[in-house]
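A.B. asks: The following block contains a protein sequence and its predicted model.
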Amino acid sequence: MKTLKNRVRLYLDLIRWNRPAGWLLLLWPTLSALWLAAGGFPGWHLLLVFTLGTILMRSAGCCVNDVADRDFDKHVKRTAQRPVTSGQLGAKEALALGAVLALAAFGLVLTTSAVTVIWSFAALLLALVYPFAKRWVSMPQAVLGVAFSFGIPMAFAAVRGGEPSLAGAWAAVPAQAWLLLLGNLFWVLAYDTEYAMVDRDDDLRIGMKTSAITLGRWDVPAVMLFYLVFLALWSAVITPELQSIWWDLGVMGAAAQVAWHFTLIRGRSREGCFKAFRLNHWVGFAVFAGVAAAMV
């Protein structure tokens with residue numbers, strides 16, 4: 001019994017169960033898109049599918065990421081004790097857990113529309129590619145940005161449905177969704193650059209590529225620019241449609257947090273940058289709250 005309990009503890013540690021900030025960063029833009037696509041509350045079925053699916057896919061992504069990075073993570077202070085990196089879990093076992101979680105998420109997608117199922121394969125491909133992008137791409141955070149934003153077109157596809165074909169899947173996602181995805185990509189660039197600033201010294205030593213390293217001394221101005229583009233693009237897409245004080249308050253709440261994050265990261269301390277990253281889900285919540293409240 002003790003062995004089983006320890007195994008479960010390792011699995012929960014692997015999927016970052018005690019750190020919900022990761023899946024919340026994916027959840028809020030996805031739910032915002034779901035509300036916008038449905039013109040309000042999307043119904044309990046889609047809400048549960050996308051909430052549980054987000055948690056499951058983020059957990060599966062952690063399994064793949066930790067296996068891919070196990071030889072790098074042991075040289076980074078913050079990640080050296082992760083279950084796979086420390087040898088407490090084998091790579092095959094971690095991948096098996098990731099596969100089970102991904103299949104569970106796929107099972108949820110199967111309860112939606114056929115076009116959502118088609119888009120789910122693209123989302124899975126992005127989730128598998130990202131862990132390896134850090135070896136070849138100077139700003140792998142951009143790849144993560146697309147992967148973390150793919151719940152947006154999937155939400156529109158789930159609400160709108162359409163012909164079960166590639167053409168039908170493309171037609172189910174309007175230009176509005178792709179603009180929101182682009183804006184959200186810049187938000188991911190902002191918070192994941194903050195995250196990369198925490199490990200910059202370790203990443204330089206082991207040869208890992210990150211946006212914090214690529215941007216160098218321009219990292220803080222770039223992060224603030226990324227935030228600005230995110231809020232500007234989402235405002236440009238959503239404001240003409242909602243025209244509500246609640247949406248305006250949501251954007252202002254997000255902008256106020258961005259200003260606070262500047263005070264946290266401007267000194268480039270590990271503690272300040274990590275705190276800014278961890279609290280970013282409140283930026284996303286402010287935006288979602290503005291959308292949801294405006295559509296009541």
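C.D. replies: Yep, that arrived.

A.B. asks: can you list the weak-confidence ranges in the chain?
C.D. replies: Along the chain, segments meeting pLDDT under 70 span 1-2, 75.

A.B. asks: try 80 this time
C.D. replies: Along the chain, segments meeting pLDDT under 80 span 1-4, 69, 71-81, 133-135, 162, 164, 206-207.

A.B. asks: And the helices in the stretch 51-200 of the chain?
C.D. replies: 70-73, 91-109, 114-133, 141-149, 151-160, 166-171, 175-198, 200-206 (DSSP state H, counting those that start in this stretch).

A.B. asks: Out of the ones you listed, which one sits most buried?
C.D. replies: helix 151-160 (a mean of 26; mean count of other C-beta atoms under 10 Å). All C-beta atoms are positioned from the backbone trio N, CA, C, and that covers glycine.

A.B. asks: I figured Leu31 hits Gly290, correct?
C.D. replies: No - under the criterion of C-beta atoms under 8 Å, Leu31 makes no contact with Gly290, lying 12.0 Å away.

A.B. asks: got the buried residues for the one helix or strand Phe288 maps to?
C.D. replies: If you go by DSSP states H and E, Phe288 is part of helix 281-294. Residues 281-294 are the ones in helix 281-294 that count as buried (16 or more other C-beta atoms under 10 Å).

A.B. asks: Touching it from outside, list them.
C.D. replies: Helix 281-294 has contacts (C-beta atoms under 8 Å, 6 or more residues apart in numbering) with 21, 24-25, 27-29, 31-32, 35-36, 187, 191, 234, 238, 242, 244, 246-251, 253-254, 257-258.

A.B. asks: swap in stretch 112-130?
C.D. replies: For stretch 112-130, the external contacting residues (C-beta under 8 Å, 6+ apart) are 46, 49, 57, 60-61, 64-65, 102, 106, 109-110, 140, 143-144, 146-147, 150-151, 153-154, 157-158, 160-166, 168-169, 172-173.

A.B. asks: run the last query once more with 7 Å
C.D. replies: Contacting residues not belonging to stretch 112-130 are listed as 49, 57, 61, 64, 102, 106, 109-110, 140, 143-144, 146-147, 150, 153-154, 157-158, 161-162, 164, 166, 168-169, 172 [C-beta atoms under 7 Å, 6 or more residues apart in numbering].

A.B. asks: repeat for stretch 198-213
C.D. replies: So stretch 198-213 is contacted by 72, 75-78, 134-135, 137-141, 189, 193, 196-197, 219, 270, 273-274 (C-beta under 7 Å, 6+ apart).
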